[in-house]
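Could you work out the structure for the sequence below:
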Amino acid sequence: EVQLVESGGGLVQAGGSLRLSCAASGFTFSSYAMSWVRQAPGKGLEWVSGINSGGGSTSYADSVKVRFAISRDNDKNTLYLQMNSLKPDDTAVYYCRLEDRRLRHYWGQGTQVTVSS
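Numbers count the residues shown, from 1 in each chain. Got it, this is the predicted structure:
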């Protein structure tokens, strides 16, 4: 059974930093690309960042480019999102997401990030 467990969210002032983690189990983590997706209050889902299976290729939404960095540790089956220079607009629930070979999506429970101005 695929399990994704996010952690690391919290309340931070604008300009601060947080590091999110996503612990993965139930599948061969090192074989799959992974993504971070967020949902701000009252808004739809927004893709934030993605990383390929080996970690050598990353991509970002324009809204977070330069400020956020995605990474992974395939030995620890863990996905990360380093978030710097946080803005109030970054306030959202952050989810890690797996897309399998059949294009099915698996989600964690999410972790709340709140950025105060």
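
what sits against the spatially most central residue of the chain?
Central residue of the chain (Cα atoms, centre = their mean): Trp36, 3.0 Å from the mean position. Trp36 makes contact with 20, 22, 47-50, 70, 79, 81, 94-97 under the criterion Cβ atoms under 8 Å, 6 or more residues apart in numbering. Every C-beta, even on glycine, is put in place using the N, C-alpha and C of the backbone.

buried subset of those?
Neighbour counting by 16 or more other Cβ atoms under 10 Å classes Leu20, Cys22, Val48, Ser49, Gly50, Ile70, Leu79, Leu81, Tyr94, Tyr95, Cys96, Arg97 among those as buried.

The last one and Val37 touch, don't they?
Put plainly, it is Arg97. Yes - applying Cβ atoms under 8 Å, one finds Arg97 in contact with Val37, separated by 5.2 Å.

Now do the shared contacts for these two.
Taking Cβ under 8 Å, 6+ apart as the criterion, Arg97 and Val37 both touch Trp107.

Now Gly55. Nearest residue, chain neighbours left out?
Spatial nearest neighbour of Gly55, chain neighbours left out: Arg72 (4.9 Å); criterion: Cβ to Cβ, 6 or more residues apart in numbering.

need the contact list for the one you found.
Phe29, Met34, Ile51, Gly55, Thr78, Leu79, Tyr80.

is it in a bridge, and if so with what?
Arg72 has the following beta-bridge partners by DSSP bridges: Leu79.

Mind pulling up the pLDDT for it?
pLDDT, Arg72: 98.

Relative to Val115, how far out is it?
Using Cβ to Cβ, to the nearest Å, Arg72 is found at 24 Å from Val115.

still on that earlier bit, which ones among the contacts of Trp36 are found in strands?
Among the contacts of Trp36, the members falling in strands are 20, 22, 47-50, 70, 79, 81, 94-97 (criterion: DSSP state E).

before we move on, the earlier item: with distance to His105 as added columns, please give the buried ones among the contacts of Trp36 in TSV.
Shown next, in TSV, are these (distance: Cβ to Cβ, whole Å):
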residue	distance to His105
Leu20	18
Cys22	14
Val48	15
Ser49	16
Gly50	13
Ile70	17
Leu79	15
Leu81	17
Tyr94	15
Tyr95	10
Cys96	11
Arg97	6
